[in-house]
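Novice: this one's sequence-less:
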RNA sequence: GCGGGCGUGGCGGAACUGGAAGACGCGCAGGGCUUAGGACCCUGUGGGGUCACCCCGUGGGGGUUCGACUCCCUCCGCCCGCACCA
């Protein structure tokens, strides 16, 4: 009698054994080729979600597969331990963020271990540990030295609920809400710290040398928002020496300008406004400020503005143009001022209609009859009413006008980016203190390296208002100036937690290194990350920041490369059984622990991989998981009943199926070639699928293999081929279902551990079938199927088809016009 | 509005480079085993018909081709991202 597969028992057993044997600790400097496999580290929210499993279990399978392929694989794990939920817990429940975070990490470590992943826990990092975040401060100081970290007063996005500023990337949607809590953000003018990511804008558009999904590349490209144009000056009439600059991507339309628009906050507005217009202008400025603050969600986007009384001079035509202010011009983009060309810009068109400004056409649309336009024409065409440039194709005129402006010193070609510098100041407690001291005598003074880390004090008083306790923590705030030694104050803002994740992959290399962020030799061995996996939601945040960070590190001479992760894969999102996003309020949250307890980790892993393509995500199905349970039970029965010391005796040391030509030595059992073929075919398929992260089809081909093996077991048990089949099956299973594979491997009498075995190889000859089904078509319709030798020559296939009774019948006496032969697949007889 | 993706049975999905549509699994139906089973084993399962056979069928329409889920055009629907970016 064979025991039933008991996942709970074997999973516990092997997890303990692997840990005891340090099976998952990666060895630095191993001569095997290295493979750095990284999956995004979790935020310690308290419970491991099925989404974590979906992200991590297939990653683990891929990492395990790499190891069996002969790589020295490191698969590290840690915790993204700073952040707001911890602080909110402190405010709401009186638990200190440190305790809340630590407790959660402890719970999640246990849950993560239940997955049976090959994480190297000896490299674990916890970002709220001073040992970690001191290097955030160190990096900050290096960036400060290089002018890449700076402080400025700027209108910034503020979340009133979380009581902090946010980076532009963290403000989402049309309603401009806080990425974290969904509250609409407001604008505030604040002194904040920024990192100069825009200095790398152009380079961040270059994705050469990395295999990242197009989706992420496009998101980043759009976010960076490069636009090529011309920036030129416009003088203000009757204000000698006063001018402002505008940016345009359409210098070819400059003769069509009939007005100019400044952003309401533009610094020149107060200076230029005429007394008779002042009241109206002030009123509009007030309204615009209010609108951008609160009610941007109003559906009406009426394109309004106010004339300020002054005129600008079109530098090309010399004509005066009324200057307006309007909130459709943003101070934060370009120069905060535009030329209004109503005929060739949709927004300017609307504006001109509303204020009855002329709409002269300067780019003639194809077939234009000279009548007024009903909407702005945005395309290319022939230039008209454009002085000396009339008659040119607009594409050429673009260049000629840009040249002319440059030659006359009016303006020059300019590239603008939508990307903003990264606002990293957070007015919160649970984060890395920014290592800056403000001295009344010396100004802004960086903390000296030997004073690092600036430790976040744990004795903090949390106020219900959400204000940072650091502001009121005298012991923290009061310090002495490193320069002059007099009393000074520390910066009380902390850093965005995306700082932590911008370089965490480097820290795993040597998590306890005390003199550097990471140890150089180990870094040289392991870096960069070979394969990264995680959710696409970080496309323009974490994934952009970490690229930026690496480029800075490269410029500092810390690494010889400019891209942190060579390959990226974005898994999909796992949904609730109802097909909706999982949420507590919907009550459709799947708790992986329950399933692990009942069905086992291998089954949960297998189900998540089987559900569909990994990047597709999809709804959880509690019935569907039974299919995997059954499959594993079938494998269990098959292996335990037909191999091992119990019944059939051990077949001896394992041989690579590809290396052993068993056919010549073992008495031929009818069908054994078939068995070998299936074994090799399956090895090939699973290998290719795991290579491309196609876990779903890898598992289905293993199912087919097992189904086949059940069908022939009575004839084949005891043969050498059967032994090879069993070993191959268990090896192929090992990356995806590591516990059951290890247990079966042991029961087969094979040497520990299955995970240290070499991945089985196959030969093409055996992977290909000897006999194929030849499809016979008449005029493209399948009329018969016949068995034929795989290497059948074309001429013979043709003969078979033409002699076929059913083919003849469907030809119905017509003449053969053509015969198309696809070797090994089909013959199509085309009739006249 | 701009950009990206997707549309295949009751369900999740499969189909290499244009060559057997629906693999594998769930569900369902029938049978076996069993005191019993929601365990296990076997068989069947896209739709329709005049049912040993044939026709239709991958969102709709059109095209290219001997042959289209796959390529091209067009329309419809859904999802995601960005959005007054000059």
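Specialist: Noted; the coordinates are in hand. As the structure is a computational prediction, the values presented were derived from the model and not from experiment. Numbers count the residues shown, from 1 in each chain, chains lettered A, B, ... in the order given.
Novice: What is the neighbour count of the residue nearest to residue A:625 when sequence neighbours are not counted?
Specialist: Excluding its sequence neighbours, the residue lying closest to residue A:625 (CB to CB, 6 or more residues apart in numbering) is residue A:607, at 4.3 Å. For glycine as for every other residue, the C-beta is placed from the backbone atoms N, C-alpha and C. Neighbouring residues of residue A:607 were enumerated by other CB atoms under 10 Å; the total is 24.
Novice: mind checking the backbone torsions on the residue nearest in space to the middle of chain A?
Specialist: With distances taken as CA atoms, centre = their mean, residue A:536 lies nearest the centre of chain A, 3.6 Å away. With angles defined as degrees, to the nearest 10, residue A:536 sits at phi -80, psi -10.
Novice: Quickly note the distance from it to residue A:55.
Specialist: For residue A:536, the distance to residue A:55 equals 11 Å [CB to CB, to the nearest Å].
Novice: who's in contact with the residue nearest to the centre of chain A?
Specialist: Residue A:536 is in contact with A:213, A:215, A:216, A:219, A:570, counting by CB atoms under 8 Å, 6 or more residues apart in numbering.
Novice: quick one: which helix or strand includes the residue in chain A positioned nearest to RNA strand B?
Specialist: Nearest residue of chain A to RNA strand B, counting by CB to the nearest atom of the strand: residue A:627, 2.4 Å away. Residue A:627 is part of helix A:625-642, with elements assigned from DSSP states H and E.
Novice: what stretches of chain A score poorly on pLDDT?
Specialist: Across chain A, the ranges flagged by pLDDT under 70 are A:1-2, A:174, A:290-301, A:644-670.
Novice: per-domain residue ranges of it.
Specialist: A:7-135+A:498-595, A:226-417, A:622-767, A:771-831 (automatic domain parsing).
Novice: and the closest residue in space to residue A:255 that isn't next to it in sequence, what is it in contact with?
Specialist: Once flanking residues are discounted, residue A:255 sits nearest to residue A:386: 4.0 Å by CB to CB, 6+ apart. By CB under 8 Å, 6+ apart, the contact list for residue A:386 reads A:252, A:254, A:255, A:256, A:362, A:392, A:397.
Novice: hmm, 7 Å instead?
Specialist: With contact taken as CB atoms under 7 Å, 6 or more residues apart in numbering, residue A:386 is in contact with A:255, A:362, A:397.
Novice: Run through the residues of the stretch 551-700 of chain A sitting next to RNA strand B.
Specialist: A:610-613, A:616, A:618-619, A:621, A:623-624, A:626-631, A:633-634, A:637, A:694, A:696-697, A:699-700 (CB under 7 Å from any atom of the strand).
Novice: just the buried members of the residues you listed?
Specialist: Applying 16 or more other CB atoms under 10 Å to those, the neighbour count classes A:610, A:611, A:619, A:627, A:628, A:629, A:631, A:634, A:694, A:696, A:697, A:699 as buried.
Novice: The third one pairs with what?
Specialist: Beta-bridge partners recorded for residue A:619 (DSSP bridges): residue A:575.
Novice: thought it was touching residue A:573?
Specialist: No. Counting by CB atoms under 7 Å, residue A:619 does not reach residue A:573; the two are 10.1 Å apart.
Novice: Next to RNA strand B in this structure, residues from the stretch 151-300 of chain A, please.
Specialist: A:172-174, A:214-215, A:218-219, A:222-223, A:225, A:227, A:229, A:247-250, A:263.
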